[in-house]
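>>> The following block contains a protein sequence and its predicted model.
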Amino acid sequence: MTRVLVVAAHGARIRVHRRSLVVESNGERMVAPLHEVDRVVVATSGVSVTSSAVRLLARSGVGIVFLDARGDPIVSLEPPWINAAAETRLAQYRASVENPLAYARAMVAAKLGNQAGLLRSLARRTGAAWLREEASEVEKLALRASSAASPEELRGVEARAARRYWGSLARLLPGGLGFRGRDHSSRDPVNTVLNYLYGVLYAEVFQALVVHGLDPYVGFLHALRPGSPALVYDYAEMFRASAVDSLVYSLFSSRGAPEVRVDPETGLLDRETRAELVKSLYQWLRRRAVDSRGQAEPLERHIRLYARRLAQSLRAGAEYQGFVEAWRP
């Protein structure tokens, strides 16, 4: 289980004392022994980290990620050792030119499989017969994605599944939330939280890919653009439903739905809300999930395992099987 230290207080300072991390903020002091920390997430601006702390974290194999107000990772500092990086990246570059569609199909089909699985799980929980029908339609599209003949066809199948999937979740969630479906630019609370938590998920995916020697900027479906981590976006698709969508549904469908505080001028979440969401996500990533192979692991471990399997698949030139959760009620 990954133990994550989240620092979300503006003006906080992170330093080292006797092989422990010390976080000081507003006159308060928290001490975290280094052996109890696997990852540090800085979820706000105005936080300082001493060079001694950075060096000690690097030597101890602990990564640090800095998030902006939208939840997007600004920078991720990882330990300076990577497994089979040269061989893996050469194979990745070759596959991105010679056979990108095979990997894109595997990831999109897995994404749609998880969307269908979540809808089927919600159908069992709510007793809504129409949800089972929607889940079946998305499952059919997942099969079509696995045999798409071109990137254009694959994107078309993905878009059709998205309309059914997000339309179903919109019908389930309380109407007062103003959620009409997935819209990156919408300022309704559900879309705002989705945007933020996807950014945090990208940070975790980035770390998993880099540690296993993969180049996060060279993907198979998302376009190659300077500074855009295309493989992060491709790979994260497989984990969106399990890691974020199911959490967001759980938060907003319960009686104790979170108070989402948004700055009316910027449309961004305030610091307190961001801190609460980051903590909720890391708790959610610790839940045990069974994959299609029958392997039960915390979700955070599946993110790392499937990155390792992707690297192995590329080096061997073998078929890649994406992450699909065996959803339960």
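Received it, and whenever you're ready, just let me know what you need. Quick caveat: nothing in here was measured; it's all calculated off a predicted structure.
>>> in the protein, which spans are strands?
Assigned by DSSP state E, the chain shows strands spanning 4-7, 13-17, 20-25, 28-33, 39-42, 48-49, 63-67, 73-77, 288-290, 296-298.
>>> what residue ranges in the stretch 151-300 of the chain score low on pLDDT?
255-258, 264 (pLDDT under 70).
>>> ok, now with 80
223-224, 226-227, 254-259, 262-267 (pLDDT under 80).
>>> so Asn114 sits right up against Ala326, yeah?
No - using CB atoms under 8 Å, Asn114 is not in contact with Ala326; the gap is 10.2 Å. From N, CA and C alone the C-beta is placed, and that goes for glycine too.
>>> And those two? Which one has more around it.
The residue with more neighbours, out of Asn114 and Ala326, is Asn114; 28 against 13, by other CB atoms under 10 Å.
>>> Retrieve the pLDDT associated with the more buried one.
pLDDT recorded at Asn114 is 98.
>>> For it, give me its contacts.
238-242, 323-325, 327 (CB atoms under 8 Å, 6 or more residues apart in numbering).
>>> ok, now Tyr249?
When contacts are counted by CB under 8 Å, 6+ apart, Tyr249 touches 118, 122, 169, 172-173.
>>> next one: Gln321
The neighbourhood of Gln321, defined by CB under 8 Å, 6+ apart, consists of 106, 110, 292, 309.
>>> Find out how far stretch 199-209 is from the centre of the chain, if you would.
6 Å (CA atoms, centre = their mean, to the nearest Å).
>>> Stretch 262-271 now?
The answer for stretch 262-271 is 22 Å, by CA atoms, centre = their mean.
>>> List the buried residues in it.
262, 268-269, 271 (16 or more other CB atoms under 10 Å).
>>> What about those, which are in helices?
Assigned to helices by DSSP state H, the following of these qualify: Arg271.
>>> nearest to His10, of the buried residues of stretch 262-271?
Arg271 (6.0 Å; CB to CB).
>>> Identify, from the buried residues of stretch 262-271, the entry nearest to Ser48.
For the buried residues of stretch 262-271, the closest approach to Ser48 (CB to CB) belongs to Arg271, at 16.0 Å.
>>> Now stretch 108-119 - C-alpha only, PDB.
The C-alpha trace of stretch 108-119 is given here as PDB (Å, rounded to 0.1, in the frame of the first residue of the first chain):
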ATOM      1  CA  VAL A 108      -9.600   2.100 -25.300                       C
ATOM      2  CA  ALA A 109     -11.300  -1.300 -25.200                       C
ATOM      3  CA  ALA A 110     -10.200  -1.600 -21.500                       C
ATOM      4  CA  LYS A 111     -11.600   1.900 -20.800                       C
ATOM      5  CA  LEU A 112     -15.000   1.000 -22.300                       C
ATOM      6  CA  GLY A 113     -15.000  -2.300 -20.500                       C
ATOM      7  CA  ASN A 114     -14.600  -0.500 -17.200                       C
ATOM      8  CA  GLN A 115     -17.300   2.000 -18.200                       C
ATOM      9  CA  ALA A 116     -19.700  -0.800 -18.900                       C
ATOM     10  CA  GLY A 117     -18.600  -2.600 -15.700                       C
ATOM     11  CA  LEU A 118     -19.300   0.500 -13.600                       C
ATOM     12  CA  LEU A 119     -22.800   0.900 -15.200                       C
END
